[in-house]
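K.L.:
Got a sequence here, can you build the structure:
(2 chains)
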Amino acid sequence: MPATELLLDITLGVLLLILAGAALHGTRLYTGIISFIAFGLLLALVWARLGAPDLALAEAAIGAGLTGVLLLSALGRHADEPAQPGSAVRTLATLLLGVLVLILLLRAVLPLAQGPQPLPALVNSQLEASGVSHPVTAVLLNFRAWDTLLELLVLLLAVLGVRQLQPAGRPRPGVWPLLQAWSRILAPLSVIIGGYLLWRGSHAPGGAFQAGALLAAGVVMLRLAGLLPLLRWENGLLRLLVLVGVALFLTVAAAGAWFGAGWLNYPAHWSGALIVLIEVAATLSIAASLSLLVVGERQELGR
Amino acid sequence: MLGWLSNAALALGAFFFIAGTLGLLRFPDVYSRLHAVTKADTLGLGLVVLGLCLRAPSWRAVVMMLLVWLLVMASSTTACQLLARYQRERDQAEGGDQDARH
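P.N.:
Coordinates of the predicted model:
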């Protein structure tokens, strides 16, 4: 590896550690959140450097973008920041937890350093049968579809949980014409890029979560600019959108279990079409759920 | 020749980025910070894109980089306007409070 690349990688790594420290130990919550967003963007760069564009896209769209917005809107709902007295017990607990997590992560990472792993070859040898040509999509939606199904369920549970809690609304800043004009330009772009990522997911990096996050970003922006009506939970279409991903995934899985080879075991010649169908439904559900999580207010999530 | 031009554009772009970041860190108020960071970054990114375009392997890459530049330029300009307007409204609100107190 040339010296300049090594220098870049070391700089990225050190910056990542500094930002992580700033995010965890910042004196103000606001500083912590901004550090966390910067951390996410830098982490996306690191994934790209490691040759994992799927993870880089997901990290930038969801880790940095949507999680950052969620944290900021949560902070906006609490007018006064709670004071954070540092105590010795808390520091000790943090250290203990940190060491435990480090040990767990090292157990997962250390084997990677010992040379090539058997899994990539295994995935590539079965790629033909999966129905898609991109190995990451094949793993996510075919070989380990359980994981993706459970992820969608977690998202659904999060939306339901937020709805139960009914967070208090907060005053929004006035809507400016410039913001409206700009979101009119950006919203179609988010649809185009989201659709492109979804379509690309079957043969190259991209996929439902990234596409859903981009669509949600467009919806959130239009909503903040006052160009969309309230996203009401009573709206049947919205509820359908939130549920369609999990519902379709479960239907396919159950149909496979009853009529076919087994739970989440797609019939061979349909697997490509089924995966695309599930991805489209999942994208719509993810977009609707994430939009509700970010801009959902009492009137929108309430009864 | 093309390589030298590209290097010069890249170096100049990096210079503007550093100057803008310095302004962001050192300038006293929100407006001059915004001015420094958005103007310098727009120019810096433009120069970096120009430098990379001169080295680009295909027209496709050139067009894509130019599109990225346009999008970033438009979004940073808009973000700058919005931030500055928010700050001005806050300043006016605080000024109003002080007038009321005196």
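
K.L.:
Please count neighbours and contacts with C-alpha atoms only from this point.
P.N.:
Will do.

K.L.:
any low-confidence regions in chain B?
P.N.:
Residue ranges of chain B with pLDDT under 70: B:96-102.

K.L.:
Helices of that one, residue ranges please.
P.N.:
B:2-26, B:30-55, B:59-101 (DSSP state H).

K.L.:
centre of the chain versus the last one, how much separation?
P.N.:
Using Cα atoms, centre = their mean, to the nearest Å, the distance from the centre of helix B:59-101 to the centre of the chain it belongs to is 10 Å.

K.L.:
Give me the helices and strands touching that helix, please.
P.N.:
Packed against helix B:59-101 by the contact rule (3 or more Cα pairs under 8 Å, 6 or more residues apart in numbering or on different chains; DSSP states H and E) you find helix A:177-200, helix B:30-55.

K.L.:
Now with 6 Å, please.
P.N.:
Judged by 3 or more Cα pairs under 6 Å, 6 or more residues apart in numbering or on different chains; DSSP states H and E, helix B:59-101 is in contact with no other helix or strand.

K.L.:
between it and helix B:30-55, how many degrees?
P.N.:
Helix B:59-101 runs at 180 degrees relative to helix B:30-55, counting by axes from the mean of the first three to the mean of the last three Cα atoms, to 10 degrees.

K.L.:
can you pull the contacts of whatever residue of the stretch 201-303 of chain A ends up closest to chain B?
P.N.:
The minimum distance from the stretch 201-303 of chain A to chain B, using Cα to the nearest Cα, falls at A:Ala225 (11.9 Å). Shown in contact with A:Ala225 (Cα atoms under 6 Å, 6 or more residues apart in numbering or on different chains): A:Val175, A:Gln180.

K.L.:
could you redo the last one with a cut-off of 7 Å?
P.N.:
A:Val175, A:Leu179, A:Gln180 (Cα atoms under 7 Å, 6 or more residues apart in numbering or on different chains).

K.L.:
List only buried entries from these.
P.N.:
The neighbour-count criterion (16 or more other Cα atoms under 10 Å in any protein chain shown) marks A:Leu179, A:Gln180 among the contacts of A:Ala225 as buried.

K.L.:
Put together CSV for the contacts of A:Ala225, with distance to B:Leu47 on each row.
P.N.:
Output for those, formatted as CSV (distance: Cα to Cα, whole Å):
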residue, distance to B:Leu47
A:Val175, 34
A:Leu179, 28
A:Gln180, 30
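
K.L.:
JSON lines for the contacts of A:Ala225, including pLDDT?
P.N.:
Putting these into JSON lines (pLDDT from 0 to 100) gives the following:
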{"residue": "A:Val175", "pLDDT": "75"}
{"residue": "A:Leu179", "pLDDT": "85"}
{"residue": "A:Gln180", "pLDDT": "87"}
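
K.L.:
The residue nearest to A:Ala208 when sequence neighbours are not counted: neighbour count?
P.N.:
By the measure of Cα to Cα, 6 or more residues apart in numbering or on different chains, the closest residue to A:Ala208 outside its immediate chain neighbours is A:Thr283, 4.7 Å from it. By other Cα atoms under 10 Å in any protein chain shown, 29 other residues sit near A:Thr283.
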